[in-house]
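Novice: model the following, please.
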Amino acid sequence: MRTVFFDVDTQIDFVFPTGALYVPGAEHIIPNIARLNRYAVEKGIPLVSTVDAHTENDPEFTSWPPHCIVGTVGQLKPAATMVGQTLLEKQNVDCFTVPTLPALLESLHADRYIVYGVVTEICVWNAAKGLLKTGKPVTIVTDAVKSLSDDAAAKMFAEFEALGGTLTTVCELLA
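Specialist: Numbering: from 1, shown residues only. Here you go, the predicted model:
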């Protein structure tokens, strides 16, 4: 079974307290993200990393404060998570709006997808929903995601499972 890992938006502006759009507590999932990314590379598992890549006057900033502006430190991924991934730049919360994503997915020949990152109920949810539409199994790693709202995350997890998705932890996945 060919697995593909999806590291969603684990960028400095989201995962560290000094970030422009910090997700409280996200720095605590960095070790799990790094562990998953290193595991993928060590095992030859394709790793796709989505990253926000905004211009200074990006239209998204009418909904969210400026963040992940191309060329800034905030747009970078933490060094511990940077290992052999394919970076997929996006300009909004849904990676499936990136025109090159369908061809990338086709080239990877995935039988299943493993998803993790930030924000659980926004970008992770959009990635997981889009991947479910491929008809392949999709799993979210619950101790490698961080939400802005525990209630919204719980609702999203329930909807995800109702759509056929599964949940796991880093230890369960790598066992």
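
Novice: L88 - how many residues pack around it?
Specialist: Other residues near L88 come to 19 when the count uses other CB atoms under 10 Å. Quick note: C-beta positions are derived from backbone N, CA and C, even for glycine.

Novice: what's the closest non-adjacent residue to it?
Specialist: In this structure, L88 finds its nearest non-sequential neighbour in T50, 4.9 Å apart by CB to CB, 6 or more residues apart in numbering.

Novice: likewise T100?
Specialist: Distances taken as CB to CB, 6+ apart put L88 closest to T100, at 7.4 Å, once the chain neighbours are dropped.

Novice: what's the helix or strand for the one you found?
Specialist: With elements delineated by DSSP states H and E, L88 resides in strand 86-90, which encompasses its position.

Novice: returning to what we had before: okay but the residue nearest to L88 is in contact with D7, surely?
Specialist: Yes: with contact defined as CB atoms under 8 Å, T50 and D7 form a contacting pair (7.3 Å).

Novice: between the two, which contacts overlap?
Specialist: Common contacts of T50 and D7, defined by CB atoms under 8 Å, 6 or more residues apart in numbering, comprise G117.

Novice: if we can go back for a sec, sheet partners, orientation included, of the strand holding L88?
Specialist: For strand 86-90, the paired strands and their directions (DSSP bridges) are strand 47-52 (parallel).

Novice: brilliant, that's me finished.
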